[in-house]
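>>> Dropping the sequence and predicted coords here.
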Amino acid sequence: MQQTKSKKTPQLKFVLILAAAISVTLVFTITPWNIMPTLVTEDVQVITIAEYGCVGESSLGRSVVVPDCNVGVGDMMSATFYIPAGEINGYLEGLQKRQNPMVDSWDRSVSGIGFAP
């Protein structure tokens, strides 16, 4: 009497290798350290005073709400807020240049539609 043994495919190993490959690919394409927020403290210029606090504009162009403030409109005050790390280290600008390399700064400043004569 002859016994036949059937070999099973190594499904668990295949799934683990596939999961590792996908995670490595995602880390290098999405780069999560550029998306995660970073705590920033800087001086902001107060734009308006509301009932919930002062609204100021940072040098990065962000609107920041400071709950406890006793300054006037136009004054500078220190504020701490979160901002995506990609905005600070220049990652987003580099990504935009790679995605659309034919658009330069002059093209971005042109507005309107139509054809030139």
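Nice, I can see it. The model shown is predicted, which means the values in this text are computed figures rather than measured ones. Numbers count the residues shown, from 1 in each chain.
>>> Compute the first-to-last residue distance for stretch 55-72.
Chord length of stretch 55-72, first to last residue, is 11 Å (CA to CA, to the nearest Å).
>>> Give me the contact list for it.
40, 42-49, 52-54, 77, 79, 81, 83, 87-88 (CB atoms under 8 Å, 6 or more residues apart in numbering). The way it works is simple: take the backbone N, C-alpha and C, and place the C-beta from them, glycine included.
>>> avg pLDDT for that stretch?
Average pLDDT, stretch 55-72: 88.
>>> Would you mind measuring the gap between the ends of stretch 81-89?
16 Å.
>>> Only alpha carbons, please: show the longest strand seen in the chain as CSV.
Assignment by DSSP state E gives strand 37-50 as the longest strand of the chain. Listed next in CSV are the C-alpha coordinates belonging to strand 37-50 (Å, rounded to 0.1, in the frame of the first residue of the first chain):
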residue,chain,number,x,y,z
PRO,A,37,1.4,67.3,12.6
THR,A,38,4.3,69.1,14.2
LEU,A,39,4.0,71.5,17.1
VAL,A,40,5.1,75.1,16.2
THR,A,41,5.5,78.1,18.4
GLU,A,42,5.8,81.5,16.6
ASP,A,43,4.7,85.1,16.8
VAL,A,44,1.4,85.8,15.1
GLN,A,45,-0.2,89.1,14.2
VAL,A,46,-3.7,89.5,15.6
ILE,A,47,-6.3,90.0,12.9
THR,A,48,-9.5,90.2,15.0
ILE,A,49,-10.7,89.7,18.5
ALA,A,50,-13.7,87.4,19.0
